[in-house]
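Asker: got a sequence here, can you model it:
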Amino acid sequence: MWARSFFVAKSATKTKVQYVCSECGSVQMKWLGKCPDCGEWNTLQEEVVRAPEKPRSAMAASAGYGVQPVSLAHIPAGGMPRLVLGNSELNRVLGGGIVPGAGVLVGGDPGIGKSTLLLQMAAEVAAKAGRVLYVSAEESDHQIGRRAQRLGINAEDLFVLPEIVVEQIAEQMEQMKPALVIVDSIQAIYSEMGSSAAGTVSQVRDCAALLLRACKRLNIPLFLVGHVTKDGTIAGPRVLEHMVDVVLQLEGERFHAYRLLRSVKNRFGSTNEVGIFEMNEGGMQEVRNPSELFLAERLPNASGSAIAVSMEGTRPLLVEIQALSSASPFSQPRRTGNGVDFNRLLLLTAVLTKRVGVN
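Answerer: Okay, the predicted model is just below:
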């Protein structure tokens, strides 16, 4: 009788229910329609949390422990050199190359080319720096192999690991000590220490924390692929973007060939850089002269067309600006703009009307 009551009391204290905001990661003890911290609506998700247990792997037990303080004067200013890639557009967005021990989060719409770009980068790093571990949590190794064959990739030092348990991924990082680790994707893996399903706020946060601790301790750069929501933001808790060092966003239309890789956050470089790529049968190819691309379809003598210079980071780009004015059949004419902020357009037209006399 005593043993049964002890088991019930113990099991009752091991779990509790809490509600986590998917936007800011705040924890509430009851469900609310509006998050009191970030003000977003319908973002609190129910999660069952277990009491901390003994870590099940040596990697999980040792990650983050045993680190001693080091004097700032004894830390080399330069650190380890960056791994410079042959892809100049990717180098530009990363700030000059891959920093050892950095955590990079890559987001983008489904089918935009995230996996293709990272697989090509993995093959290049494998040829230059040694072993690369490509963790595929959504596709099998045969599917990755078919994509690599289509892209003409046949690297001996590129290892594919179809795994969804984060503790096993961390164990492989500890054993292999590769030059680069890519996880595709962070929403598809889960931790055995958690009780919720893969992709939930707590699982994404805990898995990312474990992998980032391992990459910092082993000084291995880590690339995480992240899904995006329908409004274009990276799915999962907002704290995920704060945990990593670099956040990259791959943009573009699925039915067009060109892609833009933007640096949203970069602790090692500028956040204003943009890389331009073209998706074709050979994969993601860099566009070395974007200005020529933007002006390729411009008619030389067209009225209402002008060439302007736009600064994207440290690179000037030539772009075409088109304007069209016509008599309106309605009593109240209106101004519209495409590809430019509408409030800025109204400001520019107001200045032209007031100072230049253009009506």
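Asker: spatially central residue for the protein, please.
Answerer: A centroid search over the chain (C-alpha atoms, centre = their mean) returns residue 106, at 2.2 Å, as the residue closest to the centre.
Asker: doesn't that residue fall inside a strand?
Answerer: Yes - following the definition DSSP: H, G, I helix; E, B strand; the rest coil, residue 106 is counted among the residues of a strand.
Asker: could you measure residue 328 against residue 335, distance?
Answerer: Relative to residue 335, residue 328 is positioned 10 Å away (C-beta to C-beta, to the nearest Å). Using the backbone N, CA and C atoms, a C-beta is placed for each residue, glycine as well.
Asker: could you do residue 226 as well?
Answerer: Distance of residue 226 to residue 335, computed by C-beta to C-beta: 38 Å.
Asker: looking at those two, which one has more neighbours?
Answerer: residue 226 (26 against 9; other C-beta atoms under 10 Å).
Asker: stretch 27-45: end-to-end distance?
Answerer: Terminal residues of stretch 27-45 are spaced 10 Å apart (C-alpha to C-alpha, to the nearest Å).
Asker: what does that stretch contact?
Answerer: Judged by C-beta atoms under 8 Å, 6 or more residues apart in numbering, the contacts made with stretch 27-45 from elsewhere in the structure are 18, 19, 20, 21, 22, 23, 24, 26, 46, 200, 201, 238.
Asker: please redo it, this time with the cut-off set to 10 Å
Answerer: For stretch 27-45, the external contacting residues (C-beta atoms under 10 Å, 6 or more residues apart in numbering) are 16-26, 46-47, 49, 196, 200-202, 237-238.
Asker: show only the entries of the residues you listed found in helices.
Answerer: Here DSSP state H is the test, and the contacts of stretch 27-45 give 201, 202 as lying in helices.
Asker: list only buried entries from the contacts of stretch 27-45.
Answerer: 18-26, 47, 49, 196, 200-202, 237-238 (16 or more other C-beta atoms under 10 Å).
Asker: against residue 353, how distant is the closest residue to residue 22 other than its chain neighbours?
Answerer: With sequence-adjacent residues excluded and distances taken as C-beta to C-beta, 6 or more residues apart in numbering, residue 22 is closest to residue 43, at 4.8 Å. Applying C-beta to C-beta, the value for residue 43 to residue 353 is 44 Å.
Asker: same check, this time on residue 268
Answerer: Computed as C-beta to C-beta, the residue 268 to residue 353 distance reads 45 Å.
Asker: for these two, indicate the residue with more neighbours.
Answerer: Under the criterion of other C-beta under 10 Å, the comparison of residue 268 against residue 353 puts residue 268 first, with 15 against 11.
Asker: tell me the contacts of the more buried one?
Answerer: Counting by C-beta under 10 Å, 6+ apart, the residues that residue 268 touches are 82, 94, 95, 96, 97, 98, 99, 102, 104, 245, 246.
Asker: regarding it, what is its secondary structure?
Answerer: Here residue 268 is coil, with the state taken from three-state DSSP.
Asker: thank you kindly, that will do.
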